[in-house]
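Novice: sequence first, then the predicted structure, then my questions.
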Amino acid sequence: MFALVDCNNFYVSCERLFRPDLKGKPVVVLSNNDGCAVARSQEVKQLGVPMGIPWFQMQALAQRHHIVAFSSNYALYADISGRVMRVLRDMVPHSEVYSIDESFIDLSGIEDRQELGYQIRQRIGQWVGIPVCVGIGSTKTRAKLANHIAKKHTEFEGVFDLEAQTSTQQSDWLKRLDASDVWGIGRQLKQQLETFNIHTAYDLQHADVSWIKKRFSIHLARTIEELRGHACLKLQAMVTARQQIMVSRSLGVYVTQEEELRQSVISHAARASEKLRKDGSVTHAVMVFIQTNPYRQQDDQYTASQWVPLVTPSQDSRCIIAAAIRGLQTIYRPGYRYKKTGVMLSDLSPADVQQGDLFDPGADDRRQRLMLTLDTLNHKLGRDTLFFAGQGVRQRWHMRRDLKSPAYTTDFNDLPRVSG
DNA sequence: TCTGGGGTCCTAGGACCC
DNA sequence: TCTGGGGTCCTAGGACCC
């Protein structure tokens, strides 16, 4: 038996923590570069604003309804997420952090599941200040679905146990839910399923599994089994190491010069290297990509990527930056207005099982000490206190975040003040 | 004018080998 | 004119998630 604990409108709830005046008011949080609305308060959802709509397209609506917008403040959300997960971890023996705002819980052996659900909701609400909903089901997929119901139907006060329903009631719920409400059914699958007359979660649950496996995929077949209550997915209590690291950003302005493109690529490579060392991994290959704005069809389009293998796997920023620059040189073409660049590290392995440099045995040690110093200083004194000259100083291309809230919980200078 | 970022997993197809 | 079969490995791309 599983429960899924999911924070309501998480980013918006985080912003409201420090702006209680915004409770009950329409609020959105925007993606990087103030591009799209990626989190919407209940009031905004009720206005019919879809997830991921470009901010500039909802300007008129925003003005009419006095919608308050924030640039995303990931430092804040990550910190609040950590607090939510800590409270949860103290309440149950086995949990799996699934995303920044959701956690699965193993409920085996728990007698009063709903009671525990209410306790979780109450405690996170009181101790952290974030509203959550709890969905309970015999499989992860059913727990997800139950959570969906808990969110939509306020009469359950945030906790819904699908398995506490009679089987007729369960079927009724599944008939009322769209197939695309099921975890793992996205836009494409929804469309294809519809051509076979599969519209609701109930239809999907009763589809022929072996036919689905042949016509679609093993993945969808598993989803159906999960819907039927046969658990295919286990709780992943251990955090497994990442297999790739990606850093990419849209550019704040269009860039045509190679020098500016290089600055952004170097910055991404430096950031990716930092993540790599934090994970305790080394990379065997570096990929760099650049692209123009695909939405501007009147412009000449160009996207390109290049893999650069490393002779010896590394976690040294200088090495990774050098590889990224080499990659960029092979794909850069003048005459285009570039809008996005990125760096990807893949083929990662743990740093502690690496071979040393045969010809300069001391090199690794010196390298490690230098990188450690770099990371320690930047962690202590703020990101980019020490940075590579190639990242540039002016950074005209840097993304826009005009509407960002202060780092209330992670920067002393931004601590909220209480007066009066 | 303005359209996110970072992941995972699966599959199809090509290259290569015997 | 007719041109095998089966296996592995790798990569690119697509679909999904939040």
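Specialist: It's in.
Novice: and A:D347, which of the three is it?
Specialist: strand (DSSP: H, G, I helix; E, B strand; the rest coil).
Novice: show the contacting residues for the residue in the stretch 151-300 of chain A positioned nearest to DNA strand C.
Specialist: Among the residues of the stretch 151-300 of chain A, A:G186 lies closest to DNA strand C, at 2.3 Å counting by C-beta to the nearest atom of the strand. (Each C-beta comes from the backbone N, C-alpha and C, glycine too.) Applying C-beta atoms under 8 Å, 6 or more residues apart in numbering to A:G186 gives the contacts A:S180.
Novice: how is chain A carved up into domains?
Specialist: Domain assignment of chain A by automatic domain parsing yields the ranges A:9-76, A:82-227, A:244-391.
Novice: format these as CSV; extra columns: mean pLDDT.
Specialist: Listed next are the domains of chain A as CSV, based on pLDDT from 0 to 100:
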stretch, mean pLDDT
domain A:9-76, 96
domain A:82-227, 96
domain A:244-391, 91
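Novice: A:D402: which of those domains is closest?
Specialist: Proximity to A:D402, assessed across the domains of chain A by C-beta to C-beta, is greatest for domain A:9-76 (6.0 Å).
Novice: touching DNA strand C at all, the closest one?
Specialist: No. Counting by C-beta under 7 Å from any atom of the strand, DNA strand C is not contacted by domain A:9-76; separation bottoms out at 7.6 Å.
Novice: close to DNA strand B: what parts of chain A are there?
Specialist: Selection of chain A residues close to DNA strand B by C-beta under 7 Å from any atom of the strand yields A:31-33, A:35-36, A:38, A:52, A:54, A:56, A:217-219, A:242-250, A:254, A:275, A:293, A:295-296, A:339-340, A:342, A:399.
Novice: how far off centre is the helix or strand that A:Q368 is a member of?
Specialist: Using DSSP states H and E, A:Q368 sits within helix A:363-381. Averaging C-alpha coordinates over helix A:363-381 and over its chain gives two centres that are 28 Å apart (C-alpha atoms, centre = their mean, to the nearest Å).
Novice: packing partners of that helix?
Specialist: In terms of contacts (3 or more C-beta pairs under 8 Å, 6 or more residues apart in numbering; DSSP states H and E), helix A:363-381 is packed against helix A:258-279.
Novice: show me what counts as buried in the helix it packs on.
Specialist: Buried residues in helix A:258-279, counting neighbours by 16 or more other C-beta atoms under 10 Å, are found at A:258, A:260-274, A:276-277, A:279.
Novice: neighbours of the nearest residue to A:E43 once chain neighbours are set aside, how many?
Specialist: The shortest distance from A:E43 to any non-neighbouring residue, by C-beta to C-beta, 6 or more residues apart in numbering, is to A:P26 (4.0 Å). With neighbours defined by other C-beta atoms under 10 Å, the count for A:P26 comes to 22.
Novice: quick check: A:P26 vs A:H153, distance?
Specialist: Distance check for A:P26 against A:H153: by C-beta to C-beta, to the nearest Å, it reads 22 Å.
Novice: also A:T376?
Specialist: According to C-beta to C-beta, A:T376 stands 50 Å off from A:H153.
Novice: again, but for A:Q306
Specialist: In this view, A:Q306 and A:H153 are 51 Å apart by C-beta to C-beta.
Novice: the more surrounded of these two?
Specialist: A:Q306 (18 against 12).
Novice: mind telling me what element the spatially closest residue to the more buried one that is not a sequence neighbour is part of?
Specialist: What sits nearest to A:Q306 in space, not counting adjacent residues and going by C-beta to C-beta, 6+ apart, is A:G327, at 3.9 Å. For A:G327, the element it lies in under DSSP H and E is helix A:317-331.
Novice: get me the contact residues on chain A for DNA strand C.
Specialist: With C-beta under 7 Å from any atom of the strand as the criterion, chain A meets DNA strand C at residues A:98-102, A:144, A:183-190, A:307.
Novice: partners of the closest residue in space to A:M287 that isn't next to it in sequence in the sheet?
Specialist: Once flanking residues are discounted, A:M287 sits nearest to A:M344: 4.2 Å by C-beta to C-beta, 6+ apart. Under DSSP bridges, the beta-bridge partners of A:M344 are A:M246, A:M287.
Novice: Provide a list of residues in contact with A:M344.
Specialist: Per C-beta under 8 Å, 6+ apart, neighbours of A:M344: A:244-248, A:272, A:286-289.
Novice: just send those residues back as TSV, with distance to A:R19 too.
Specialist: Formatted as TSV, the contacts of A:M344 follow (distance: C-beta to C-beta, whole Å):
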residue	distance to A:R19
A:Q244	36
A:I245	33
A:M246	32
A:V247	30
A:S248	30
A:A272	33
A:V286	41
A:M287	40
A:V288	39
A:F289	37
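Novice: list only those of those flagged as buried.
Specialist: Buried by 16+ other C-beta under 10 Å: A:245, A:247-248, A:272, A:286-289, out of those.
Novice: and the residue lying farthest from the centre of chain A, how close does it get to A:H284?
Specialist: The centre of chain A is farthest from one residue, A:F359, which by C-alpha atoms, centre = their mean lies 42.2 Å away. To A:H284, A:F359 is 20 Å away according to C-beta to C-beta.
Novice: ok, A:E43 next?
Specialist: Per C-beta to C-beta, A:E43 is found 49 Å from A:H284.
Novice: between those two, point out the one with more neighbours.
Specialist: Just comparing A:E43 and A:H284: by other C-beta under 10 Å the higher neighbour count belongs to A:E43, 18 against 15.
Novice: mind listing what's buried in the helix or strand harbouring the more buried one?
Specialist: Using DSSP H and E, A:E43 falls within helix A:42-46. Residues A:43-44 are the ones in helix A:42-46 that count as buried (16+ other C-beta under 10 Å).
Novice: stretch A:341-354 now?
Specialist: Buried, per 16+ other C-beta under 10 Å, within stretch A:341-354: A:341-345, A:348, A:351.
Novice: for DNA strand C, state which of those is nearest.
Specialist: Nearest to DNA strand C among the buried residues of stretch A:341-354 is A:M344, at 10.6 Å by C-beta to the nearest atom of the strand.
Novice: all helices of chain A, in order?
Specialist: A:10-17, A:42-46, A:59-64, A:74-91, A:113-127, A:140-152, A:167-176, A:187-195, A:201-205, A:209-215, A:218-227, A:258-279, A:317-331, A:363-381 (DSSP state H).
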